[in-house]
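Trainee: the following block contains a protein sequence and its predicted model.
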Amino acid sequence: MRKHLLAWQWGLYAAGHRDRLSLLLHIATAPLFWVGTAMLAWAIYRGSAGAAVSGLALWLAALLTQGRGHAREREPPVPFDGPIDFASRFVVEQFVTFPRFVLSGGWLKAWRAST
């Protein structure tokens, strides 16, 4: 995992999130990841294979959709150093960095600048 991941990711975030479709894809799919996480927690608690499969499907949908959004950006994401780097960066983006981007007004600013 990267040292100072939150600060590192935040420092790069606005530059890598300027494309209008990418912004829409992120705002639509971050909640899918959150719901998928809740479903996985529920699956572990209740032993529900169906909830686990559904949760993983939502994770995958968010991952693939946001990946398509990132591919449209002029500033490409920093390449991953491996599976732990990938997982930590993706989870932190979903639960911390993207919500911070929205709540700080960064998403709206990027949306307005993309027109």
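Mentor: Thanks, I have the structure now. Numbering: from 1, shown residues only.

Trainee: what's the local residue count around the closest residue to Arg100 other than its chain neighbours?
Mentor: The spatial neighbour of Arg100 that comes closest, neighbours along the chain excluded (Cβ to Cβ, 6 or more residues apart in numbering), is Trp10 at 7.0 Å. C-beta: built from backbone N, CA, C; applies to glycine. Trp10 has 17 neighbours, counted by other Cβ atoms under 10 Å.

Trainee: now do Trp10, the pLDDT please.
Mentor: pLDDT for Trp10: 98.

Trainee: list the buried ones in the helix or strand containing it?
Mentor: In the assignment (DSSP states H and E), Trp10 maps to helix 5-13. Going by neighbour count (16 or more other Cβ atoms under 10 Å), the buried part of helix 5-13 is Leu5, Gln9, Trp10, Tyr13.

Trainee: run a quick neighbour tally on the closest residue in space to Arg20 that isn't next to it in sequence.
Mentor: Nearest residue to Arg20 in three dimensions, chain neighbours excluded: Ser114, at 4.1 Å (Cβ to Cβ, 6+ apart). If you count neighbours by other Cβ under 10 Å, Ser114 ends up with 14.

Trainee: that's all I had, so thanks and see you.
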